[in-house]
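Chemist: Just to be clear, the model below is a prediction. Sequence and coordinates:
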Amino acid sequence: MGKARLAAFRRKGSGAPAGAQSGRARPNPNPFEVKVNRQKFPVLGRKARHAVGQPGVSRARAVQKRTQTLLKEYKERDKSNIFTDKRFGEYSSSMSPEEKMMKRFALEQQRQHEKKSIYNLNEDEELTHYGQSLADIEKHNDIVDSDSDAEERGTLSAELTAAHFGGGGGLLHKKTLQQQGEDEEKPRSRKELIEELIAKSKQEKRERQAQREGALELTEKLDQDWKEIQTLLAHKTPKSENRDQKEKPKPDAYDMMVRELGFEMKAPPSNRMKTEEELAKEEQERLQKLEAARLRRMRGEDMGSDSRKPKHLSADDLNDNFVLDKDDRRLLSYTDGKMSVEEEQSREASDGESEEDHHEDPSDENVEESSDPDGHSDLDSDTETEEDCGRPDTEPRLAPQKRLANNGHKAREAARNELPYTFAAPESYEELKSLLSGKTMEEQLLVVERIKTCNHPSLAAGNKAKLEKLFGFLLEYVGDLATSDTPDLGVIDKLVVQLYNLCQMFPDSASNSIKFVLRDAMHEMEGSVEARGRVAFPGLDVLIYLKIAGMLFPTSDFWHPVTTPALVCMSQLLTKCPILSLHDVVKGLFVCCMFLDYVSLSRRFIPELVNFLLGILYIATPNKHGQGYTLVHPFRASGKNSELLLVSDEEDTATWQRTGLSLRWASGLKAQTKTEANHTRLSCLAVCVALVKHCALLYSSLPAFHDIMRPLRALLTEHLANRTHPPELQELCQSTLSMLTDMGKQSQRCRPLVCEKSKPVPLRLFTPRLVKVLEFGRKQGSSKEEQERKRLIHKHKREFKGAVREIRRDNQFLARMQLSETLERDAERKRKVKQLFNSLATQEGEWKALKRKKFKK
Amino acid sequence: MRHRYHSCCNSLRELLAHSSLEVKELALSTLMRFVQLEGGHPLEKPKWDGCYLFPHQLFKAVVEGLLSLEDDCSLLLSQFREYLEHDDIRYHTMQAATDIVVRVANRYPEVPLTFWNNAFTLLSAVSLPRQEGRTSSFYVKHAKLSQTWKVVHLKEHRKAFQLMWLGFLKHELPLGLYKKVLVIMHDSILPHLAQPSLMIDFLTRAYDMGGAISLLALNGLFILIHQHNLEYPDFYRKLYGLLDPSIFHVKYRARFFHLADLFLSSSHLPAYLVAAFAKRLSRLALTAPPEALLMVLPFICNLLRRHPACRVLVHHPLGHELDSDPYDPEEGNPAESRALESSLWELQALQQHYHPEVSQAASVINQALSVSEVSIAPLLELTAFEIFERNLKKKCQESVPLQFIPAQGLLGLQDDLCAQHFTLS
């Protein structure tokens, strides 16, 4: 085993020089010494390691190596002692002979020196530092006085440094000399020295403190003197002092001031004022931009791509809080409740962002208002002037009480003094309700407005959440108002504007609140559908929520998180709720109107709506033929409600005048007289026919227009045939019918459908499958561990073989050596025997010759 | 003693019509106990040993009491249902019910509705086991069972079951009851009949009735056609006739479309027929609510996928312009409706639908149809509320877009329809 290891080692050792030798041998190879290993196939990229072999050279090298190692061992096999050369670096091959000699010399020197010191006890080398013995210095154990350190503020005094470290420069050197002199005259102990130092530093400290106190005393004295002089000098100065003292305990005013200043910081116009044309142009551009975004959403183009940018908000200038300012200004000037928000709002719509220059240039604004194309004919002139007067009031938005008092509107404000000016944002719906209940419409609006102002998000951190909650509460309040017996529609009408403003500020939370109320309504409906199989029309509140949703969010979007559910909700109202009374008809028609308003821009098709209108027309038809149309749920062809809208009283028919339907009908208003009910019926019918007409306009471009409108046309023809309707209605029916037929005629001819051409499918390309081949041969295609194991087994096998081969060669070498030894020995013996024989023969010969001589003689 | 027993039974039988439910329940349980005891200890001596014993007279009286003419016995019947677990009670109930129905129908010219309702409740409570069970449970205890008894065999049960239902169904039933029968027909009646083909008469009659009843009869008919080789002439024509606008609004919409999908899944149907169906459905889709549209649009597309010959309905590049739609919606025969000459313009119109998903579903026909069919099974039961919830939960990636036209009041701008037609006061 030991031999095997040795052989392996030898093989490894011989590897490197062999490569080097072959590299060297290549330029001039002896063709008789070279053995060429012929390759069967030249493989690209494979290195031929053993293309050329030199058997002679390598054998010679192996033999040489063995003679150096194995042979030596063999020869010393019976010897028990070994000669070892213990000279330094004798066996290390990395050192050059010169180095070896140098080292040996150094070692020799060292040995000599050591030997010397052992026996030479007196001689001692002394180390010094600046002439002082180091041993001497080492006697002071370094004590760093932390107290003095702190007092000296980190810097050590010169003496201390000198004492502890022996000084650092030429100057100190002198001192040490001096000290040495002192030492000479009066040798002081180390302790004394340090005590002295401490005493010195303490004294210094005391002196400094005294100095500071003196300075303080002096300034105080100076102050007092100055005060005395001041009282003598002027009378006014004490007052200012008083004011100073007063201001301190009253931080409110100060805070207010700071906030006001902070507020005004945002206001200063950085650009020059824009002219009206520029403003108009800007406004137009803004609207164009918004319209483009709306169209894009309507077509649903960015449904897939997420790269939609919320241009809406930025374009609306909502981020810089100007909307609120604007609103404050307007609504605080709300003085005697005469002015309507709607007018204000439309004026705003017309001059949009030109608000900023309003308070700076009121006359300009007046001109603008009078030339307003929207025509606020009902805008009272006194309201207008009041508004102008009130406008300055509103500038101090956050401290209104002070300015209002200053402006001398006390008389007018006195009437409204019962309303506090600041309101905490309501934390619950009940709180809001208690705030608003029992107040008039104007007061309610004012309260809401003030809540909004006092809790503007720019004022405090938590205000945003508060106002977001306010939106939900207001929505609930609106619902409550709508469900009450006598719905206060006027207040709702005005509150809508507030809701819109809040929604512009917090779109996400507003959308969540609206979604929440819609979900509530739908859940209620679903519950009753499951329980009873049918559901009554919900109250006015749901309708109003739907309407508000349509006003706060864009209705024309292809998909919108709020309006799409609202559309589904309306569709449910029209399909699931049976018409049982006149109220239901009114509600249904209101839903229809909303539905059509929702799709007025996108012109989308609503099957339920057409069905519903068909049903309404049907229940107003007296004699049913039922040709060309089929009623669908929730209408029935026969039953107790199948003639709900039929008016048989001719007198009522004659006195009917077309008016708008009142929303109060939807909230359970009872008809006082039969005539009134009949009039409402006729109004409903008129609205229905008008809606049919609108639908015809809206859907005239649809390819299946004919088929959609066929049932409606059939029913309208029946209506016309009756001739019992009032003339106005008759006329409406006539025009609608003619429109339906005309539209049908001029609507495009039926062109067969053709699919869009799809792109030709590209030919299938067979790209080669790339597999990483790490190793060739049998080892391929197994796991990494398995490969590693196989590799190791293979390696072991080869090494084992190699080792066996080496051992065999060693044995051969040894045998050869032994043989040669034996031969040598035999030859020696033979030679000696021969020699012996020779000498014996000569001896014998000589003896014989001698004997012969004797005999001869 | 026997006389007393009979009078006791009679008075108990009268108490079954008592006004109080507890009294009725007690009377019923007492009577049933009597039935059990009398079965075990017969009044007359059995003629031979191992003879089957059951108090027929008494039990018949009980069933008659249950099938009251005047008042609704559904609660009592639900209690009686427990006894129907037992084989003998079930068997004799079926026999008794058959007799009673025949007798009542003969006796009264105008049978009251409550009787029919009671009878239906009792009949539908009877449910036979699917396989012949070895362990038959008997209410009346017997020492040992004999294979010669009729009660033991399921076949006899089936015969009785069939007799009972046929006897019940051959009478003129009220419409509501028709529907109820048809609803359970495929599930709990047809599989248990000895000869299901005897139901053909009833089902064809119901199928010809039209409306919802036809829709419901479809299911039973399908089983007969599918499993019992029923030849039904003009089946598809009638199916075509069933398609009217109310189909999207009725309760049984899912069931109908599931079956229609099955009927139209055959690839051997002629193209004109499938085209007529597709055209009819798309015409009806013009009046459908979104939840139905989401189901019927893939349905139509599936029809077109199965029958490539019908693709001319959505892709007809060589067609000429027409003045009007050649399809005749009034024509009852799908062969003459000229649907193949038409195109599905209705789907094109529905691409403008207000609901985004419907619009997307209708836009499928713009491109060449994909090869694989869309499974409509998950869409069958879709309700509007689910759509609503789904829309509500869908998240918007960015902030919610807002209306940029400022609100001016509840009714909106001047030119809005609401403002035109409605006033606040």
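Modeler: All right, it came through fine.
Chemist: where does the residue nearest to A:Q498 when sequence neighbours are not counted land in three-state SS?
Modeler: Take A:Q498 and drop its neighbours on the chain: the residue closest to it by C-beta to C-beta, 6 or more residues apart in numbering or on different chains is A:V448, 5.3 Å away. Bear in mind the C-beta positions are built from the backbone N, C-alpha and C, glycine included. Classification of A:V448 using DSSP: H, G, I helix; E, B strand; the rest coil returns helix.
Chemist: Give the full set of residues in contact with A:V448.
Modeler: A:436, A:470, A:474, A:495, A:498 (C-beta atoms under 8 Å, 6 or more residues apart in numbering or on different chains).
Chemist: do the same with A:T680
Modeler: A:T680 touches A:582, A:586, A:661, A:665, A:671, counting by C-beta under 8 Å, 6+ apart.
Chemist: hmm, try it at 10 Å
Modeler: Neighbour list for A:T680: A:582-583, A:585-586, A:645, A:647, A:656, A:659, A:661-662, A:665, A:669, A:671 [criterion: C-beta atoms under 10 Å, 6 or more residues apart in numbering or on different chains].
Chemist: can you narrow those residues to ones near chain B?
Modeler: A:586, A:659, A:661-662, A:665 (C-beta under 10 Å from any C-beta of the partner chain).
Chemist: So which of these sit within strands?
Modeler: Mapping these onto strands (DSSP state E) picks out A:661-662.
Chemist: and the nearest residue to B:A419 once chain neighbours are set aside, how many neighbours?
Modeler: Leaving aside its sequence neighbours, B:A419 sits nearest to B:L411 (C-beta to C-beta, 6+ apart; 4.2 Å). For B:L411, the neighbour count with other C-beta atoms under 10 Å in any protein chain shown is 25.
Chemist: How about the secondary structure of B:L411?
Modeler: Three-state call for B:L411 (three-state DSSP): coil.
Chemist: What does the pLDDT read for it?
Modeler: As predicted, B:L411 sits at a pLDDT of 74.
Chemist: Next up, the contacts around it.
Modeler: Contact analysis of B:L411 by C-beta under 10 Å, 6+ apart lists A:342, A:489, A:493, A:496, A:547, A:551, A:593, A:597, A:660, A:663, B:417-424.
Chemist: Can you list which of those are found in strands?
Modeler: Among the contacts of B:L411, the residues falling in strands (DSSP E) are B:422-423.
Chemist: Out of the contacts of B:L411, which end up buried?
Modeler: When those are checked for burial by 16 or more other C-beta atoms under 10 Å in any protein chain shown, the buried set is A:342, A:489, A:493, A:496, A:547, A:551, A:593, A:597, A:660, A:663, B:417-422, B:424.
Chemist: Just the pLDDT for residue 190.
Modeler: I'll assume chain A. With respect to pLDDT, A:R190 has a value of 82.
Chemist: Chain B was what I was after
Modeler: For B:L190, the pLDDT comes out at 76.
Chemist: So what's the residue count around it?
Modeler: Counted with other C-beta under 10 Å, residues neighbouring B:L190 total 19.
Chemist: measure it to B:V374 for me?
Modeler: Distance, B:L190 to B:V374, using C-beta to C-beta, to the nearest Å: 31 Å.
Chemist: Could you list the low-pLDDT ranges of the stretch 151-300 of chain A?
Modeler: A:151-188, A:233-251, A:263-273 (pLDDT under 70).
Chemist: For chain B, what is the nearest residue in it?
Modeler: Distances between the stretch 151-300 of chain A and chain B by C-beta to the nearest C-beta are smallest at A:L290, namely 4.5 Å.
Chemist: Next, the buried residues of the helix or strand that contains that residue.
Modeler: Counting by DSSP states H and E, the element that carries A:L290 is helix A:276-298. Residues A:279, A:283, A:286, A:290, A:293-294, A:297-298 are the ones in helix A:276-298 that count as buried (16+ other C-beta under 10 Å).
Chemist: Stretch A:695-714: end-to-end distance?
Modeler: The straight-line separation of the ends of stretch A:695-714 (C-alpha to C-alpha, to the nearest Å) is 16 Å.
Chemist: Thought A:P55 was touching A:V36, still the case?
Modeler: No. A:V36 lies out of contact with A:P55 (C-beta atoms under 10 Å); the separation is 11.4 Å.
Chemist: contacting residues around the residue in the stretch 451-600 of chain A positioned nearest to chain B?
Modeler: Closest contact between the stretch 451-600 of chain A and chain B, by C-beta to the nearest C-beta, is at A:Y500 (3.8 Å). Shown in contact with A:Y500 (C-beta under 10 Å, 6+ apart): A:345, A:510, A:548, A:551-552, B:402-403, B:405-408.
Chemist: try 6 Å
Modeler: The neighbourhood of A:Y500, defined by C-beta atoms under 6 Å, 6 or more residues apart in numbering or on different chains, consists of B:A407.
Chemist: Now it: phi and psi?
Modeler: The phi and psi values for A:Y500, taken as degrees, to the nearest 10, are phi -60, psi -50.
Chemist: Phi and psi next, for the residue in the stretch 651-800 of chain A positioned nearest to chain B.
Modeler: Residue nearest to chain B within the stretch 651-800 of chain A (C-beta to the nearest C-beta): A:P752, separated by 3.3 Å. A:P752 has phi and psi values of phi -60, psi 150 when expressed as degrees, to the nearest 10.
Chemist: Check the one 3 residues further on too.
Modeler: Taking degrees, to the nearest 10, you get phi -70, psi 160 for the backbone angles of A:C755.
Chemist: how about the nearest residue to it, chain neighbours excluded?
Modeler: Take A:C755 and drop its neighbours on the chain: the residue closest to it by C-beta to C-beta, 6+ apart is B:H315, 4.4 Å away.
Chemist: can I assume that neighbour sits in a strand?
Modeler: No. The assignment for B:H315 is coil, going by three-state DSSP, so no strand is present there.
Chemist: Burial check on it, number of neighbours?
Modeler: Count around B:H315 with other C-beta under 10 Å applied: 18.
Chemist: and if you look at B:A254?
Modeler: As a burial measure, B:A254 scores 16 neighbours (other C-beta under 10 Å).
Chemist: Just the element for it, please.
Modeler: Using DSSP H and E, B:A254 sits in helix B:253-263.
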